[in-house]
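Novice: let me see the structure of the following:
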Amino acid sequence: MIDFNRLKEEQLKLAKKVVTSDSFEKLELIGGADCSYNGEEIIAAIAVCDYKTMSLKEKVYSVSRAKVPYLKGFLAYREGPAIAEAYAKLENRPDIMIFDGHGISHPRRLGLASHMGVLLEQASIGTAKQLLAGESKGGVVYIDKEARAEMLVSRQHSKPIYVSPGHKISLKTSVEIAKECIRFPHKLPEPLHLAHKYANEIRDKIAKRNVKTDE
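Specialist: Below you'll find the model as predicted:
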């Protein structure tokens with residue numbers, strides 16, 4: 001049985017380590033991490049791109065069993081181990097990582113992007129399709145009177161994405177970088193789009209292999 005109260009206390013401790021000022025040295029390589037599911041198997045994929053051209057430099061993945069059920073606000077405990085496993089395979093460490101999840105726009109200031117940023121000692125940005133907490137005023141998301149995310153309409157006629165600092169980066173820079181990474185016609189920043197696509201490709205291969213095994 002998972003003790004979510006204990007995990008909540010751990011999140012509050014880790015949140016104190018989150019840095020929301022620009023503390024990365026350079027920006028040449030940018031990565032995206034996303035997960036796909038085949039039943040209870042988690043496929044975590046990471047795509048690393050050249051920041052100027054968005055050309056793909058490397059992609060890796062890991063497959064592992066989910067050990068923690070999904071509960072709102074605790075995504076890092078479910079997907080984090082799989083992402084860390086994939087991250088360990090990288091030959092090119094990104095200067096910044098973009099995660100499919102929140103950064104500090106989280107009730108305890110520790111969404112997936114912030115959590116993984118601290119654990120991996122990695123500058124990170126969170127992008128999410130829905131708000132987890134707070135309210136949006138003029139495109140800025142406030143939680144406890146603190147501006148923690150910005151709404152970004154990345155594609156015409158599409159729902160917005162919410163960009164927040166993960167770790168070692170400011171809100172302003174997070175939004176600027178997310179915008180720079182958008183490539184038409186994709187809604188998500190390109191490294192995240194490529195990671196999402198790769199995770200789904202691996203998931204489909206595994207599903208097909210499992211079907212053949214069952215026959």
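
Novice: now do the buried residues in the longest helix anywhere in the chain.
Specialist: Secondary structure of the chain per DSSP state H: the longest helix is helix 190-214. With burial defined by 16 or more other C-beta atoms under 10 Å, the residues of helix 190-214 counted as buried are 190-199, 202-203, 206. (Glycine included, C-beta is placed from N, CA and C.)

Novice: and these as TSV, adding distance to Glu40 and pLDDT?
Specialist: TSV is the format used below for the buried residues of helix 190-214 (distance: C-beta to C-beta, whole Å; pLDDT from 0 to 100):
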residue	distance to Glu40	pLDDT
Glu190	30	98
Pro191	27	98
Leu192	24	98
His193	25	98
Leu194	25	98
Ala195	21	98
His196	20	98
Lys197	22	98
Tyr198	20	98
Ala199	15	98
Ile202	15	96
Arg203	12	96
Ile206	12	90
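
Novice: would you turn these into CSV with distance to Ser158?
Specialist: Supplementary listing: those in CSV, determined by distance: C-beta to C-beta, whole Å:
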residue, distance to Ser158
Glu190, 16
Pro191, 18
Leu192, 15
His193, 13
Leu194, 18
Ala195, 19
His196, 15
Lys197, 17
Tyr198, 22
Ala199, 21
Ile202, 26
Arg203, 24
Ile206, 29
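
Novice: name the nearest residue to the residue most central in space within the chain, sequence neighbours excluded.
Specialist: Centroid check for the chain by C-alpha atoms, centre = their mean gives Phe99 as the closest residue, at 1.3 Å. Excluding its sequence neighbours, the residue lying closest to Phe99 (C-beta to C-beta, 6 or more residues apart in numbering) is Ala113, at 4.0 Å.

Novice: can I assume the one you found sits in a strand?
Specialist: No: assignment of Ala113 by DSSP: H, G, I helix; E, B strand; the rest coil gives helix, placing it outside any strand.

Novice: which ones are touching it?
Specialist: 97-99, 101-103, 124-127, 164-167 (C-beta atoms under 8 Å, 6 or more residues apart in numbering).

Novice: what's the spacing between it and Ser55?
Specialist: 23 Å (C-beta to C-beta, to the nearest Å).

Novice: and the worst-scoring helix or strand of the chain on mean pLDDT, what does it pack onto?
Specialist: Across the helices and strands of the chain, the lowest-confidence element by mean pLDDT, DSSP states H and E is helix 190-214, at a mean of 89. Packing partners of helix 190-214 (3 or more C-beta pairs under 8 Å, 6 or more residues apart in numbering; DSSP states H and E): strand 29-38, strand 41-50, strand 56-65, strand 96-100.
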